[in-house]
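> Provided below for reference: sequence and predicted model.
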Amino acid sequence: MMNNFDSKDNLDRLENEKNYCSDCGGKTIVKDYQRGDYICAECGMIISDQIIDDSPEWRSYNAVDNAKKSRIGSPMNINLHDKGLSTKIGNENIDGQGNKLSPTQKSQFYRLRKWNARARISSSQDRNLVQAMNELDRIGSQLGLPKGVKETASVIYRNAIRNNLIRGRSIEAMVVASAYAAARQRRVPRTLDEMAKHSRISKKELGRCYRLLLVELKLKIPLASPTDYISRFSADLKLTGTTARKAIDLVNLAKRKGITTGKDPTGLAAAALYIAGMGEGERRTQREIAEAATVTEVTVRNRYKELTTKLDLNEL
DNA sequence: AAGACGAAAGTGGTTGA
DNA sequence: TCAACAACTTTCGTCTT
């Protein structure tokens, strides 16, 4: 076996130990993995028996096995349409030894490459996915969606394909709807407005697609809570953590009093931040708050009034 | 002058007959 | 399917800081 004696490659590791044989003075120290020894190649003296085995801990009996067990290669990436696991044929026209290919071989490889590429993105479903994943990536980075959300969105979209929900509908709309669903599921919601603004899909269309996903895929998605928005809004407004914390307390208090149902969660989050900001000496204008929360000043005002009148703010 | 406030009219979505 | 309805938006005039 190759790994039993690899004299040169691993000699470095011996540097701070003995790198010569104490018996015969020989300089060629080799590893014996089967016994776990460093030994002198000249006299056979065992120099050290604490060898670190860096050979594979598994055994393979054929090439397929070997490929299966090898951990070399990029990790699976669910956001690529084939999860990044497919083979690509390189573009250099050289063989394994680095020799140039003959013209016949060259044309052979040209055909191979072509068909390999075609096979990779073969079905219309795959082509669909390629487009969808690109779109998901684009909107994901524009909205700063975390990686986990993109992955969830990817899963949702694949399910949508499997359930034949895409045909006859716009890919982009379904992708964005998947992203919206994923963001809500992961409790880092974006509003329909935000999603619509960064895509070519109207809010209305987006809502329709989203509801379709909910019904057809039986997704269970918690309804968005104002608290989910607070951390993002407060970051946008450069508010401190204490203010955000206070706003969350405020929302929870409002929830307990049952004055949150039916109200726009973003509006509530905005009003809570407004109040908390004033209390913490981090005043923001209603305009700034409204902009960050993508609601109007009027809504901020209405929620603000409602919260201050119906809530005893001293309870905080 | 900027921000806060409130009234009035309009919009899109839900609900219940 | 339609009307009633609640929440939100737009717009605009007035008040406060």
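All right, it came through fine. Note that this is a predicted model, so its numbers are computed, not measured. Numbers count the residues shown, from 1 in each chain, chains lettered A, B, ... in the order given.
> Over to A:Leu239: give its phi and psi.
phi -90, psi 160 (degrees, to the nearest 10).
> quick one: it and DNA strand C, what's the gap?
To DNA strand C, A:Leu239 is 20 Å away according to Cβ to the nearest atom of the strand, to the nearest Å. All C-beta atoms are positioned from the backbone trio N, CA, C, and that covers glycine.
> Any idea how many residues pack against the residue lying closest to that residue once chain neighbours are set aside?
Counting by Cβ to Cβ, 6 or more residues apart in numbering, A:Leu239 lies nearest to A:Glu282, which is 5.5 Å off, once chain neighbours are set aside. Residues contacting A:Glu282 under the criterion other Cβ atoms under 10 Å number 16.
> Output the below-cut-off pLDDT ranges for chain A.
Residue ranges of chain A with pLDDT under 70: A:1-93, A:95-96, A:115-124, A:313-316.
> again, 50 this time
Within chain A, the stretches with pLDDT under 50 are A:1-18, A:53.
> What residues does it have near DNA strand B?
By Cβ under 7 Å from any atom of the strand, the residues of chain A that approach DNA strand B are A:203-204, A:207, A:283, A:285-287, A:297-298, A:301, A:304-305.
> quick revisit: so the residue nearest to A:Leu239 sits in a strand?
No - applying DSSP: H, G, I helix; E, B strand; the rest coil, one finds A:Glu282 to be coil, outside a strand.
> wait, what's in contact with it?
A:Glu282 is in contact with A:239-240, A:243, counting by Cβ atoms under 8 Å, 6 or more residues apart in numbering.
> Tell me how far it lies from DNA strand C.
For A:Glu282, the distance to DNA strand C - Cβ to the nearest atom of the strand - is 17 Å.
> Then A:Gln131?
Counting by Cβ to the nearest atom of the strand - A:Gln131 and DNA strand C are separated by 32 Å.
> which residues does the residue in the stretch 1-150 of chain A that DNA strand C sits nearest to contact?
At 18.5 Å from DNA strand C, A:Leu143 is the closest residue in the stretch 1-150 of chain A, using Cβ to the nearest atom of the strand. A:Leu143 makes contact with A:179, A:183, A:190, A:194-195, A:198, according to Cβ under 8 Å, 6+ apart.
> What about those residues, which one has the most neighbours?
Among the contacts of A:Leu143, A:Ala179 has the most neighbours (other Cβ under 10 Å), with 29 neighbours.
> Shouldn't it be within a strand?
No - applying three-state DSSP, one finds A:Ala179 to be helix, outside a strand.
> what sits against it?
Applying Cβ under 8 Å, 6+ apart to A:Ala179 gives the contacts A:136, A:139-140, A:143, A:145, A:149-150, A:153, A:195.
> mind giving me TSV with the residues you listed and columns for secondary structure?
Converted to TSV, these look like this (three-state DSSP):
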residue	secondary structure
A:Leu136	helix
A:Ile139	helix
A:Gly140	helix
A:Leu143	coil
A:Leu145	coil
A:Val149	helix
A:Lys150	helix
A:Ala153	helix
A:Met195	helix
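> related to what we said a few turns ago, and the residue nearest to A:Leu239, how far is that from A:Lys246?
10 Å (Cβ to Cβ, to the nearest Å).
> what does A:Val188 give?
From A:Val188 to A:Lys246 the distance is 21 Å (Cβ to Cβ).
> With A:Leu268 instead?
14 Å.
> More neighbours: which of the two?
A:Leu268 (30 against 21).
> Next up, the contacts around the more buried one.
Residues in contact with A:Leu268 (Cβ under 8 Å, 6+ apart) are A:226, A:251, A:254, A:260, A:303, A:307.
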